[in-house]
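Asks: coordinates only, sequence not included:
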């Protein structure tokens, strides 16, 4: 349904480190680098997440992004990786039965204050 998402970042280098660490376990890497904009893609090479320098000024509002993980072990791997980066953990990995049985996720804060989730539905 979504073709791509683009985030404006106050510190593009910090955001790149965060998202490369967070998404590495999901086999998502930087596929295009224009210096002031980065396109991240999965194995198909088609960038779906773009990071760019903040250009519109002002305070941005929190965005929630959720990425699909294949299993609980991957959710745990992501949690450990971003914790090592010093990212704020909003909710440690756990099952969220109020969403549906098997909904297992971690929620963390990116360098720009966005709420980023990695979830498996298995």
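Replies: Sure, I can see it. Computed from a predicted model, the values in this text were never measured in an experiment.

Asks: So for stretch 46-64, what gets flagged as buried?
Replies: Of the residues in stretch 46-64, 47, 48, 49, 50, 51, 52 count as buried by neighbour count, 16 or more other C-beta atoms under 10 Å. In short, each C-beta sits where N, CA and C put it, glycine included.

Asks: Stretch 73-91 too?
Replies: Neighbour counts over stretch 73-91 (16+ other C-beta under 10 Å) mark 74, 75, 76, 77, 78, 79, 81, 82, 87 as buried.

Asks: The fourth one: which element?
Replies: Right, the one you point to is residue 77. helix 72-85 (DSSP states H and E).

Asks: And residue 108, by the same measure?
Replies: strand 104-109.

Asks: which residue ranges form the strands in this structure?
Replies: Using DSSP state E, the strands of the chain run over 5-9, 29-33, 37-41, 49-53, 64-68, 89-95, 104-109, 115-120.

Asks: What lies in contact with the first one?
Replies: Contact with strand 5-9 is made by 15, 48-56, 60, 63, 65, 111-112, 114, as judged by C-beta atoms under 8 Å, 6 or more residues apart in numbering.

Asks: in stretch 102-119, what counts as buried?
Replies: For stretch 102-119, the buried set under the neighbour-count rule, 16+ other C-beta under 10 Å, comprises 104-112, 114-119.

Asks: what's next to stretch 82-96, contact-wise?
Replies: Contacting residues not belonging to stretch 82-96 are listed as 17-18, 21-22, 72, 75-76, 79, 101-110, 115 [C-beta under 8 Å, 6+ apart].

Asks: coming back round to it: give me the angle between the helix holding residue 77 and strand 104-109.
Replies: 20 degrees (axes from the mean of the first three to the mean of the last three C-alpha atoms, to 10 degrees).

Asks: Can you list phi and psi of the closest residue to residue 100 other than its chain neighbours for me?
Replies: Of all residues not flanking residue 100 in the chain, residue 121 sits nearest, at 7.4 Å (C-beta to C-beta, 6 or more residues apart in numbering). Main-chain dihedrals, residue 121, degrees, to the nearest 10: phi -110, psi 10.

Asks: you'd agree residue 121 is up against residue 99?
Replies: No: with contact defined as C-beta atoms under 8 Å, residue 121 does not count as touching residue 99 (9.0 Å).
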